[in-house]
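Visitor: My questions concern the predicted model and sequence given below.
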Amino acid sequence: MRRLIINADDLGLTSGVNRGILESHQRGIVTSATLMACGEKFAEAASLAAQAPNLSVGCHVVLVDGIPISNPDDLSTLVVNSRFRDRLTNFALLAAGGRLDPRQIETEVTAQINKLQSAGIRVSHLDSHKHTHMVPAVLKGILRGAKACGVGAIRNPFEPLIFATARHWKRQFQLRMMRRFRASFRAALEEAGVVTPDGCIGIAATGGLTAKTFRDLIEHLPEGTWEFVSHPGYNDAELDTVQTRLRASREKEMAILTSAEAKEALQNAGVQLISYRDLQAKTA
């Protein structure tokens, strides 16, 4: 049996991204999405999510490149001038050096999840902006926050190297670096009693997804339960004001995720679409 969660990241980023994600769910194959508590269009996204009861909504935890929900004075290891650090490399170096306080991470993650829950969102799962939760020091605080808020599922951000093609050499290098965290990641989740898919696909193709790449990923999907990471949305003037490398690619992904060809590829491969809600129901 091959099962696939198709998750759309960055809900709450802009109105165009909100609209693109909802359309990719209602007209396409997106089954889950993750909402940014610190997104400029958070309130709009929460309202739209309420109109899509079959969309499983989680929290897209932001610890880099954004503004915290908690009091910045309580997050001395995470913020500079009341903002999270913009560069992932700086964040990763601090994590590797043991200079991030897991208690502060727990405080901020809890605040972000609570914001979603207070808006009426039944938070089904967690993932993180730029996959920061793959780092053991960060994962520890995030799992504490998940437990405090009753969230029982999280993204497994590790993608099989078979999907990191030569076209995406930079992503391939990043995935190789990530592999050393895989064993500790699984052990931490088992200890915390948190469920996760077998891994992710689509990370290496982020920003360059084509219909052919999507078809190839589906055809070669291993047995088990996997998550396809996507970023659909509209590339409009509002997106120009946001710091992101994903612009034109969002509309291309949306076109793929709402296409008859994508649905046909899933059907032909015998892949069952599920959501994060279904994942927890199957493992309960």
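Guide: In hand now; what should we look at? Being a predicted model, the structure only gives us computed values, none of them experimental.
Visitor: CA only for contacts and neighbour counts going forward, please
Guide: OK.
Visitor: Output the lowest mean pLDDT helix or strand found in the protein.
Guide: Ranking every helix and strand in the chain by mean pLDDT, DSSP states H and E puts helix 169-178 at the bottom, with a mean of 54.
Visitor: Contacts for whatever helix or strand comes next after that helix, please.
Guide: Using DSSP states H and E, the helix or strand that directly follows helix 169-178 along the chain is helix 182-192. By C-alpha atoms under 8 Å, 6 or more residues apart in numbering, the surrounding residues in contact with helix 182-192 are 134, 136, 139, 140, 143, 147, 158, 195, 196.
Visitor: Which secondary structure element is home to the third one?
Guide: Per DSSP H and E: residue 139 is located in helix 136-149.
Visitor: which secondary structure elements does that helix contact?
Guide: helix 88-96, helix 102-118, helix 182-192 (3 or more C-alpha pairs under 8 Å, 6 or more residues apart in numbering; DSSP states H and E).
Visitor: any idea which of those helices is most buried?
Guide: Ranked by mean neighbour count under mean count of other C-alpha atoms under 10 Å, the helices and strands packed on helix 136-149 are led by helix 102-118, which reaches a mean of 21.
Visitor: At the geometric centre of the protein, which residue sits there?
Guide: residue 127 (4.3 Å; C-alpha atoms, centre = their mean).
Visitor: what separates that residue from residue 259, distance-wise?
Guide: Here residue 127 is placed at a distance of 26 Å from residue 259 (C-alpha to C-alpha, to the nearest Å).
Visitor: again with residue 249
Guide: The value you get for residue 249 to residue 259, if C-alpha to C-alpha is used, is 15 Å.
Visitor: Skipping adjacent residues, who's closest to residue 158 in space?
Guide: The spatial neighbour of residue 158 that comes closest, neighbours along the chain excluded (C-alpha to C-alpha, 6 or more residues apart in numbering), is residue 199 at 5.3 Å.
Visitor: Next up, the contacts around that neighbour.
Guide: Contacts of residue 199 by C-alpha under 8 Å, 6+ apart are 155, 156, 157, 158, 159, 160, 225, 226, 227.
Visitor: how about a cut-off of 10 Å?
Guide: Neighbouring residues of residue 199 by C-alpha atoms under 10 Å, 6 or more residues apart in numbering: 155, 156, 157, 158, 159, 160, 182, 224, 225, 226, 227, 228.
Visitor: Check residue 246 too.
Guide: Per C-alpha under 10 Å, 6+ apart, neighbours of residue 246: 206, 207, 208, 231, 232, 233, 235, 239.
Visitor: helix/strand/coil for it?
Guide: coil (DSSP: H, G, I helix; E, B strand; the rest coil).
Visitor: per-residue confidence at it?
Guide: pLDDT, residue 246: 96.
Visitor: For residue 110, see how far away it is.
Guide: Residue 246 is 28 Å from residue 110, by C-alpha to C-alpha.
Visitor: of residue 249 and residue 259, who's got more company?
Guide: residue 249 (20 against 16; other C-alpha atoms under 10 Å).
Visitor: List the contacts of the nearest residue to that one once chain neighbours are set aside.
Guide: Of all residues not flanking residue 249 in the chain, residue 207 sits nearest, at 5.3 Å (C-alpha to C-alpha, 6+ apart). The neighbourhood of residue 207, defined by C-alpha under 10 Å, 6+ apart, consists of 230, 231, 245, 246, 247, 248, 249, 250, 252, 253.
Visitor: Closest one to residue 37 out of these, please.
Guide: In terms of C-alpha to C-alpha, no member of the contacts of residue 207 lies closer to residue 37 than residue 231, at 16.8 Å.
Visitor: re earlier: now the buried members of the contacts of residue 207.
Guide: Taking 16 or more other C-alpha atoms under 10 Å as the criterion, what is buried in those is 230, 231, 246, 247, 249, 250, 252, 253.
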